[in-house]
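> would you be able to build a 3D model of this:
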Amino acid sequence: MPAVPLQSLWSATAPAGPALGELTAARRAHTVIVGAGYTGLSAALHLALAGREVAVLDAVDVGERASGLNGGQVIPGVKHDPDTLEEMFGPDLGARLVATVASAADLVFELIARHAIQCDDIRTGWIQPATSERALAGLARRAQQWRRRGAPLAMLSREEVKALTGSERYCGGLLDRRGGTLQPLAFVRGLAQAVLRAGGQVFTHSPAIRLIRVADDWRIDTPQGSVTAPTVILATNAYTDKLAGALRRTLVPVPSFQVATQPLPPLLRGQILPQRQAASDTRHLLRYFRTDASGRFVLGSRGTFAAAPGLKAVRHQYRAVHEIFPQLDGIPFEYHWGGWVAITRDHLPHLHELAPGVLAGLGYNGRGVAMATMMGRLLAQRTLGAPATQLGFPVTPVRPIRLHALSGLGARATIQYLRMVDAWGVR
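Here you go, the predicted model:
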C-alpha cells in the first residue's frame, strides 16, 4: 500500500484559529511568555484572568508544533505511579504532587467548558491494554494505588478489552475513567482565542532570539521587536533552543508520529473503540490509538529521527494498525504526520526557576495535553506570588544531562533496542 502524503489530520479538520501577527515594536508587559502551546497559553490565560498584562511569543503559528500535532489523548497523572511519587518526594510534597497530576485532566475539560472551546472533546476514559500477563500485573498495582486515593480506575478482562477496543491482541487492561480525547489543534487554538478575549496578546512568527537583563526587568528580543517585563516564562518544551541552553540540555527530543485512516464504515465504527476511549498499550515503545469525531482510526508510536517520516516508517505504522486490528485491512489511510516529545532523565515534568523572575515548565514525556495545561496554571500561580511550598508541585534546579550532545545517538539506539525487545515479545 503506498503511503499518503505528509499532512496532519488535525490541521485538515480543525476550525480556523484567531488572526495573529508578528511582534513589530517594543512593548511592555507584566509577563512575557515564550511558546504558544498548551503550557504558554494556559499560563497566559490564567495570568490574564488575574488582571496581568501578558504577551506570548511563538516562532511559528499557534499549534504548528507539538500542541497541534499530538494524539489528543487527555491522560491524568504522569509516568510514575502514586506510591513512587510519594517515595521520591516524601509523604507531604509527594501526596500534594499526586493530587496535582491527578487533577490535570479535570483542568483541561474545565477550561474547555468555561471558555466554550470547540475541540470535539469527549470524556469516556483512557484504556491501557496489556500486551503480557506481566504488564497486566503492573497495571493491577497501578489501579490499586489510584483507587486507594479515590480515583475511578477499573481492571478489565481480556473479553472487556476486546469489547471496548475491538482488538483481540491484548490479555486484559486498565480503564481510567478520568481520561478522554480532544482535537489537539482545535484545543490550542481555542486557548489562544481565550487569551485574546481575556486581554492578553499573542504574537506568531516572532522567535525569541535574546533574553537580556535590563535593570530590574527582562527583555526578550525578536527579529522585529521586543517585550520588556519583570517576569518571563519559557514554555518551549521539546523545541527549546539556545535561548536557554542549560534548559535545553535537561531533555531529549524524541520523535513520535501518527497515521490516520479514512472514516470507518458504520459496522467497523461500532466494533472499534465504540465508546471512543483513548488507548495506550504497554509495549516498551507503546502504541497509542483512538478515533476522531468523523470515525477515522488514528494510531501513533515512536517515530524516525528523519526530518519527516519516510516511506519505510509509514508502512511500519500501517502494519502496526493491521497487527492490532486485522479487520482494518483494506481501509485506506488518509494522513500521516509527526512531531517531537520531550523526554526527561527521570520521566517527570519539571518546573524551574532559572533566575529571579525567569520560570520554565517542560518535560511531559508523552502526556502533554493534560500536564502541559496544568503546568501553565502552576507557572501562573508562581508568577502571581504563590510560594513554591504551596504549589503542590516541586520547583527543582536545572540539572543538564551529562554528555547531552550524545543523547540523540543514545535515544536512537534505545529506540532500536526496544523495538527489537517488543518484536521478540510478540514472537
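> right, and the helix or strand after the helix or strand hosting Gly339?
Element membership of Gly339 [criterion: DSSP states H and E] is strand 333-344. Going down the chain from strand 333-344, the next helix or strand is strand 350-355, by DSSP H and E.
> which ones are touching the closest residue to Leu182 other than its chain neighbours?
Of all residues not flanking Leu182 in the chain, Asp121 sits nearest, at 4.2 Å (Cβ to Cβ, 6 or more residues apart in numbering). To be clear about C-beta, it is placed using only N, CA and C from the backbone, and glycine gets the same treatment. For Asp121, the contact set (Cβ atoms under 8 Å, 6 or more residues apart in numbering) comprises 74, 109, 112, 180-183, 187.
> max pairwise distance over the residues you listed: which two?
The two members of these with the most space between them (Cβ to Cβ) are Phe109 and Gln183, at 13.6 Å.
> please enumerate the helices of the chain.
9-13, 38-49, 66-69, 82-89, 91-102, 104-114, 133-148, 158-165, 184-197, 245-248, 266-269, 311-324, 368-383, 407-426 (DSSP state H).
> burial count for Ile75?
Number of residues near Ile75 (other Cβ atoms under 10 Å) recorded here: 25.
> that one and Val195: what is the separation?
24 Å (Cβ to Cβ, to the nearest Å).
> ditto for Ala260
In terms of Cβ to Cβ, Ala260 sits 29 Å off from Val195.
> same deal with Ala130?
From Ala130 across to Val195, the span is 40 Å (Cβ to Cβ).
> so which of those two has more stuff around it?
A count of neighbours by other Cβ under 10 Å puts Val195 above the other of Ala130 and Val195, at 29 against 25.
> I'd say the more buried one and Ala55 touch.
No. Val195 lies out of contact with Ala55 (Cβ atoms under 8 Å); the separation is 10.1 Å.
> between the two, what contacts are shared?
Here Val195 and Ala55 share the contacting residues Val202, scored by Cβ under 8 Å, 6+ apart.
> which residue is the nearest non-sequential neighbour of Arg148?
Per Cβ to Cβ, 6+ apart, closest to Arg148 is Pro82, 7.9 Å.
> so who does that neighbour touch?
Counted by Cβ under 8 Å, 6+ apart, Pro82 has contacts 98, 145-146, 148-149.
> likewise Leu311?
Contact analysis of Leu311 by Cβ under 8 Å, 6+ apart lists Ala3.
> same question, Gly172
So Gly172 contacts 129-130, 136, 139, 155-158, 160-161 (Cβ under 8 Å, 6+ apart).
> do you know the pLDDT at it?
pLDDT recorded at Gly172 is 98.
> cool, and Pro2?
pLDDT, Pro2: 62.
> likewise for Ala308?
What the model reports for Ala308 is a pLDDT of 67.
> separation between Ile331 and Gln262?
In this structure, Ile331 and Gln262 are 6 Å apart, going by Cβ to Cβ.
> so between those two, which is more surrounded?
Legend: neighbour count by other Cβ under 10 Å for Ile331 and Gln262, higher for Ile331 (18 against 15).
> for that one, give me the pLDDT.
97.
> show me the contacts for it.
261-262, 264, 268, 297.
> so which of the residues you listed belong to strands?
Among those, the members found in strands (DSSP state E) are 261-262, 297.
> what about the protein, any weak spots by pLDDT?
1-2, 303-308, 403-427 (pLDDT under 70).
> nearest the geometric middle of it, what residue?
Geometric centre of the chain, nearest residue: Gly368, 1.9 Å, by Cα atoms, centre = their mean.
> check contacts around that one.
Gly368 touches 38, 66-67, 70, 237, 341-342, counting by Cβ under 8 Å, 6+ apart.
> again, only this time at 10 Å
Contact analysis of Gly368 by Cβ atoms under 10 Å, 6 or more residues apart in numbering lists 37-39, 66-67, 70-71, 73, 75, 184, 237-238, 341-342, 349, 362, 375.
> repeat that for Thr236.
Residues in contact with Thr236 (Cβ under 10 Å, 6+ apart) are 33-37, 39-40, 58-59, 65-66, 208, 243-244, 247-248, 342, 360-362.
> where's Thr228 relative to Asn365, distance?
The gap separating Thr228 from Asn365 is 34 Å, by Cβ to Cβ.
> and for Gly330?
Distance from Gly330 to Asn365, by Cβ to Cβ: 35 Å.
> with Thr282 instead?
Thr282 sits 16 Å away from Asn365, going by Cβ to Cβ.
> now Leu97
The gap separating Leu97 from Asn365 is 15 Å, by Cβ to Cβ.
> which residue of these two possesses the greater neighbour count?
Set Leu97 next to Asn365 and count neighbours by other Cβ under 10 Å: Leu97 wins out with 23 against 19.
> my guess is Val34 contacts Thr231, does it?
No. With contact defined as Cβ atoms under 10 Å, Val34 and Thr231 do not form a contacting pair (11.9 Å).
> who's more crowded, these two?
Val34 (27 against 22).
> re the thing from before, what's the closest of the helices of the chain to Val214?
Among those, helix 368-383 sits nearest to Val214 (Cβ to Cβ), with 18.3 Å.
> rewinding a little: okay, and the common contacts of Ile331 and Gln262?
In contact with both Ile331 and Gln262: 296-297, using Cβ under 10 Å, 6+ apart.
> between the contacts of Pro82, which is nearest His316?
Closest to His316, out of all of these and judged by Cβ to Cβ, is Trp146, at 33.3 Å.
> mark out where each domain of the chain begins and ends.
Here the domain parsing of the chain from automatic domain parsing is 9-125+178-404, 126-177.
> I'd like the distance from the longest one to the chain centre, please.
Mean-position distance between domain 9-125+178-404 and its chain equals 4 Å (Cα atoms, centre = their mean, to the nearest Å).
> ok, Thr383 touching His46?
Yes. At 8.9 Å, Thr383 and His46 qualify as touching, with contact defined as Cβ under 10 Å.
> list the residues that contact both of those two?
Joint contacts of Thr383 and His46 (Cβ under 10 Å, 6+ apart) are 52, 54.
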